[in-house]
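> need coordinates for the below:
(2 chains)
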Amino acid sequence: MLLLAAIAIPVGLDLYLPAPEDNPLTPEKISLGRELFFDKRLSRDGSVSCSTCHDPERAFSDGRSMAVGVFGRVGRRNAPALINRGYGHLFFWDGRVSTLEEQVLKPIQDSNEMDLTLPEAAARTGVPAEEISRALASFVRSILSGGSPFDRFINGERAALSAEEQAGLQLFRGKANCVACHVGPNFTDERLHNTGIAWRDGRLTDDGAGHGDFKTPTLREIARTSPYMHDGSFASLEDVIYYYDRGGNRNPGLDPELQPLHLSQAEKQSLLAFLRSLSGRIRDGQ
Amino acid sequence: MKRIVIGMLAVALAAVAQKNDQGERLLKAAMNAELVNGDLKAAIEQYKTIASKYASDHTVAAQALIHMAECHQKMGDTEARKVYEQVVREYADQKEAVALARAKLGKAPGAVNSGMFSREVWSLPEMREACSMVSRDGRYLPYIDWSEHGDLFLHDFSSDTNRRLTNTGTDHVLGPKVEQFADDVVSFSRDGKQLAYSWLRGDINRYELRLMDLRGDGIPPSRLLFDNPDIQYLAPTDWSPDGKLIAVKIQRADKTGQIGLVSVTDGALRVLKSVDWRGPTRLGFSGDGKYLAYDRPPADNTEQRNVFLLATDGSREIPAAASPSQDTVVGWSNDGKRLLFTSDRSGSAGLWSVLFADGKIAGSPELLKPDIGQILGLGVTDAGKLYAVVNPIPSGTSDVYVATIDFAAGKLLSPPALAAQTYVGNNKSPAWSPDGKNLAFASWRNSAGPGHFVIGIRSMETGLVREVSPSPGFDALSALTWVPDGSAWVVRGGDTKGRYGIFRVDAKTGQSSILVTQGERETIGPLGISPDGKKLYYSSNHFEARYALESQNSFIMEKDLATATEKELLRTQNAGYGPLLSPDGQYIMVITERYGPSPAVSIVPTAGGELRKLAEAIGIAQGWAADSSAIYDIRKSGELWRLPVDGSKPQKLNLKWQGNNPMGPFRVHPDGRQIAIGTPAARNGTQVWVLENFLPAVKGTN
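This next block holds a predicted model:
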């Protein structure tokens, strides 16, 4: 564990946590951001806060297939886990936003989520919209997961992963080709891919960023963030592995990296064991 | 990594600006005409049009004029001077362009020190590779001697003597030995008493960080400072001013590049930042030790590099000299206040600097020396002298040649000629398209950083070469083979995702995807695609250790590309593979006992069956006849032999190969007469130069 001025960086993550020069991390902003994150006044009917869909008890995800917002309105996509987003470059499943400062204001304004204008949000909380943005972004930036068995393993503690988990790591980087997208300390290339999930009955059910492309999510804390995919269509990691093993839903835009894997049952189990080793301790600026 | 990282390419295609800017897109097109096509006249016309059309956009217009002047200069005409004068006269607000133009005109007040001079201090003998840092007193330079199996030596400039530092290198030692050797990236402690170096251990398939105490004589004692099974490569690039930390660049097993600090006391690693596979070229501590200068591409979709300053406590990162240009870190001035970097921001590679004080960039970058060419910076000494390797040799230097042969008559119809005039010295692995109209080859690019491959395609009708950039990219690429319908290639490679294996690369889009993943102690390579396009044949050699020279078990595998199911066709020992699948898809050539006492050229039927010897001796390169009736074999003497598949006696042809020794298999054109062959390129030696009095004598800045 290494300490920056405002937060502790867990083992396995970069010491340099990017933040805009005009919004450096401070304990005060993180604290205000945490308050706002749990503040239901930021929703039209006072029923939801950021934490409703990004529950700290569920690794900042919500356990539902689709996010549910004000007045019980159901959103279009699964609420992504807010893990290590400070290292991200693209936000939302379709990657339409490139900064956390911009991203954190979108759900407040989305009619299916919190349904407020920014002046309304500012009036309700007494915090100017720009400060809401900076504080929420700082808090989200402080949500970090590291120190997992995997992190300890790659830092030299060779007993941190069992033999089965190590076999899973080999598959992850080899035959199963997971590293085609899930690469680096955060297990994401921060890029957009068509994995065929949105292809049903011969058509795209969601264009995503276009052509059925969606952003690669992190795999950190993956065992705690079901259901999976942008539409929450897979209830379990076993379902996900089965899907990729068969090469995904063939469609015109399918990423060529997706090919049938022919994993044996034992290999699937090893891969599953490895994915479960990616859970560590989540810190949110405390 | 034996590769020499190159500090700068003279001019990079990538010196273009923001996307979505029409003017700068036109600039890029003009640069393409200049640099890729070599059509200087066309480029001049295009630059002229841009300068006129975007006269109000001084940035674009000045860039166009600088490029235009350089074209004139290359053509040796006097127009260059007029154009430089125009830049100085009409674009005073474009400081960098004006500085360059003034320098070209020999009027560079302030920016270029008139007392500057450079001199050669050492010319490295063949097979010697300079390491990355000179001692701060300017007396010593470590180097690797590849004729001594990759051991590390120390050259003493003052006495012109060399001291052996290690004696356990085994590079290219045949036999059961596992390879180990030094890397070229090293770092002296500030007092010059210790040297940090990286050492490859083939038995564990990774580099480890070692320290040696240089005091005394003879081979110095060394100690292991850092080793981690998840880190395949790490290189010590600078030693902190307080002597406590070593800045390292790292490549993880998944090929993530990282910048880290290793404690000299206990070897603890602190990762500061993860970057993509391309990693930084060089890291350098600022004078106060609070920042590390490094370079990296600012985005996925560019090969240009920019220079950044990263706080060693992880608190911030600052762009040091942002510009749409190719910038790479050279180091710091001796007082630690001025960051030195090479840049082509003014059209050609120059040495630049920018002041950095109190955590802030002060002022604009200044051109110190224009036209510095390709250099590998070795650091600045306490006396303020910059040492650099000039003309560093890129790895894998090779060229592709095409010759025409009448095999039946034993006549050379046209002698070997370069297949491509672009990126000469960086092309290899030729392959004819199935219709014979194109010749594809792998082409190395190393304008800065670790480098990468593109695939060049020469039209045999027009002679023009176009390029396809694979995505994800490759830092290793060979054994190029066309798929039968010409829509893609199958290659052996290592990609930016950290995967090694056999990939398919789309010939139109460059999109690459893995077909077979290489195992931990395995080397695989494509042998060919069946004529119906449905089956991939590949070789798989299993090693006891990753860097061992001899394989243990060798396999030929058949993979059904539709179902991804695999079948073992042949299992043998210590085999090699060269000319791949026969054009009719009936046979695969195998070299048996490659390193044994009785190597032989053999074939195995793809339909199944026994291995059959065609010849008891093997040459240095083989290629299938276009009609699959025989294998041609070039012997070390240059003799050309025909080895008939029907089992009849090998025939010595009345023809001698007179080009350079081939590298890898050669490919016979579908017409049965032209052959394409990869050969080693001519190598220039490397020299170490020192640049003195290069810092500007401006009050308060030096």
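
> now the host helix or strand of A:Leu32: buried residues?
Element membership for A:Leu32, per DSSP states H and E: helix A:27-37. Neighbour counts over helix A:27-37 (16 or more other CB atoms under 10 Å in any protein chain shown) mark A:29-34, A:36-37 as buried. To be clear about C-beta, it is placed using only N, CA and C from the backbone, and glycine gets the same treatment.

> and whichever helix or strand A:Gln166 is part of, what's buried?
A:Gln166 is part of helix A:163-173 when elements are defined by DSSP H and E. Neighbour counts over helix A:163-173 (16+ other CB under 10 Å) mark A:164-173 as buried.

> other SSEs contacting that helix?
helix A:149-154, helix A:265-276 (3 or more CB pairs under 8 Å, 6 or more residues apart in numbering or on different chains; DSSP states H and E).

> that one to helix A:265-276, inter-axis angle?
Orientation of helix A:163-173 against helix A:265-276 (axes from the mean of the first three to the mean of the last three CA atoms, to 10 degrees) gives an angle of 90 degrees.

> dump helix A:163-173 to PDB, keeping only the CA atoms.
Extracted in PDB, the C-alpha atoms of helix A:163-173 (Å, rounded to 0.1, in the frame of the first residue of the first chain):
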ATOM      1  CA  ALA A 163      -2.300 -24.300  -8.800                       C
ATOM      2  CA  GLU A 164      -5.800 -24.200 -10.400                       C
ATOM      3  CA  GLU A 165      -5.800 -20.400 -10.400                       C
ATOM      4  CA  GLN A 166      -2.300 -20.300 -11.900                       C
ATOM      5  CA  ALA A 167      -3.500 -22.700 -14.600                       C
ATOM      6  CA  GLY A 168      -6.400 -20.300 -15.100                       C
ATOM      7  CA  LEU A 169      -4.000 -17.400 -15.500                       C
ATOM      8  CA  GLN A 170      -2.100 -19.300 -18.200                       C
ATOM      9  CA  LEU A 171      -5.300 -19.900 -20.000                       C
ATOM     10  CA  PHE A 172      -6.300 -16.200 -19.600                       C
ATOM     11  CA  ARG A 173      -3.100 -15.100 -21.300                       C
END
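
> ok, the helix or strand following that helix: who's next to it in the sheet?
Sequence order places strand A:192-193 as the next helix or strand after helix A:163-173, per DSSP H and E. Strand pairing for strand A:192-193, using DSSP bridges, gives strand A:214-215 (antiparallel).

> what's the mean pLDDT across the partner strand?
Taken as a whole, strand A:214-215 has an average pLDDT of 98.

> how far does that strand sit from the chain's center?
The chain centroid and the centroid of strand A:214-215 are separated by 11 Å under CA atoms, centre = their mean, to the nearest Å.

> before we move on, the earlier item: just name the most buried of the helices and strands packed on helix A:163-173.
helix A:149-154 (a mean of 22; mean count of other CB atoms under 10 Å in any protein chain shown).

> do it and chain B meet at all?
Yes: under the criterion of CB under 8 Å from any CB of the partner chain, chain B is reached by helix A:149-154 at A:153-154.

> which neighbouring elements make contact with that helix?
Using 3+ CB pairs under 8 Å, 6+ apart as the test, helix A:149-154 ends up in contact with helix A:163-173.

> so what's A:Arg263 up against?
Just so we're on the same page, residue A:263 is Leu rather than Arg. A:171, A:175-176, A:241, A:245, A:271 (CB atoms under 8 Å, 6 or more residues apart in numbering or on different chains).

> what does the stretch 151-286 of chain A have sitting close to chain B?
Checking the stretch 151-286 of chain A against chain B by CB under 8 Å from any CB, the hits are A:153-156, A:158, A:170, A:173-175, A:177, A:179-180, A:183-185, A:189, A:191, A:255-257, A:259-262.

> ok, 7 Å please
A:154, A:156, A:173-175, A:177, A:179-180, A:183-185, A:256-257, A:259-260, A:262 (CB under 7 Å from any CB of the partner chain).

> from those residues, list the buried ones, please.
Going by neighbour count (16+ other CB under 10 Å), these have A:154, A:173-175, A:177, A:179-180, A:183-185, A:257, A:259 buried.

> in stretch A:185-202, what counts as buried?
A:185-199.

> for those, which two are the farthest from each other?
A:Pro185 and A:Trp199 (30.8 Å; CB to CB).

> which stretches of the stretch 501-650 of chain B have low pLDDT?
Applying pLDDT under 70 to the stretch 501-650 of chain B picks out residues B:544-552, B:574-579, B:595.

> chain A contacts on that one?
B:511, B:513-514, B:517, B:519, B:564.
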